[in-house]
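> Sequence plus the predicted model coming up.
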Amino acid sequence: MAKLERMTVVFPEPMAADIRAAVARGDYASTSEAVRDAVRLWKDRQQLREQDLDAIRGAWAEGKASGLAGPYDMRAIIRQARAGAEKAAKRARD
């Protein structure tokens, strides 16, 4: 088991009540266990956020590296989108 370090954490009353209620329901053996679980969830969320940011940064870099798209015809883009939507609707009906 990892070395444990004692820390003092102060919670607003509603949060403290939620933690105590979770222990009373048997969700956790102690308030410390509940807080450790919260920290683990926070770490997991931070990792997922970092992965999302890495994916966005990669897509951004890929887009920049692809060069300029050149002029575009918005009416043609809309026609293509509508045609694609109509094909998809037809496939869904068939």
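Okay, I see it.

> Might one say that residue 19 is in contact with residue 34?
Yes - applying C-beta atoms under 8 Å, one finds residue 19 in contact with residue 34, separated by 5.0 Å. C-betas here are computed from N, CA, C, even on glycine.

> what do those two both touch?
Residues touching both residue 19 and residue 34 (C-beta atoms under 8 Å, 6 or more residues apart in numbering): there are none.

> could you point out the longest helix in this structure?
Assignment by DSSP state H gives helix 31-65 as the longest helix of the chain.

> how about the helix or strand that that helix is followed by: buried residues?
Stepping forward along the backbone from helix 31-65, the first helix or strand reached (DSSP states H and E) is helix 74-93. Using 16 or more other C-beta atoms under 10 Å as the burial criterion, none of the residues of helix 74-93 qualify.

> next one: helix 74-93 to chain centre, how far?
For helix 74-93, the gap between its own C-alpha mean and the chain's C-alpha mean amounts to 31 Å (C-alpha atoms, centre = their mean, to the nearest Å).

> check which helix or strand covers residue 11.
Secondary structure assignment for residue 11, by DSSP H and E: no helix or strand.

> could you measure residue 91 against residue 77, distance?
In this view, residue 91 and residue 77 are 21 Å apart by C-beta to C-beta, to the nearest Å.
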